[in-house]
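**Q** The following block contains a protein sequence and its predicted model.
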Amino acid sequence: MVDRFADDWRLAGLDGQTVALLEFAERLTTAPKGIGAADIANLRDHGLDDAGISSCVQVVSYFNYINRIAEGLGVADEDWIDDDGKKKLV
């Protein structure tokens, strides 16, 4: 499952709540100004409460933040990660 997830999480056969969280995380990362009430309602429809939604936003935002810090300082990518951000095949 981990390999399927790494290749394309959309095709990994994940449960609905996990897919909703990942779609939200992707949207928060790529189009944060577009997040609105409908996005939060969708997470609630998939069983998340305020604490779960807050945790999701905080984790996604932290990873986005720390990646920008690394990029801004010119930190080299890990040598086991390819140009697409995936694990290099050995």
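**A** Done, it's in.
**Q** for this structure, what's the longest helix?
**A** Looking across the chain with DSSP state H, the single longest helix is helix 50-72.
**Q** Buried residues, that one. List them.
**A** Ile53, Cys56, Val57, Val60 (16 or more other Cβ atoms under 10 Å). C-beta here means a position set from N, CA and C on the backbone, and glycine is covered the same way.
**Q** now for it, which elements pack on it?
**A** helix 16-30, helix 37-45 (3 or more Cβ pairs under 8 Å, 6 or more residues apart in numbering; DSSP states H and E).
**Q** Present the ones you listed as JSON lines; the columns should include mean neighbour count.
**A** JSON lines is the format used below for the helices and strands packed on helix 50-72 (neighbours: other Cβ atoms under 10 Å):
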{"stretch": "helix 16-30", "mean neighbour count": "15"}
{"stretch": "helix 37-45", "mean neighbour count": "13"}
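**Q** mind giving me CSV with these and columns for distance to Ala6 and mean pLDDT?
**A** CSV is the format used below for these (distance: least, Cβ to Cβ, whole Å; pLDDT from 0 to 100):
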stretch, distance to Ala6, mean pLDDT
helix 16-30, 13, 96
helix 37-45, 24, 98
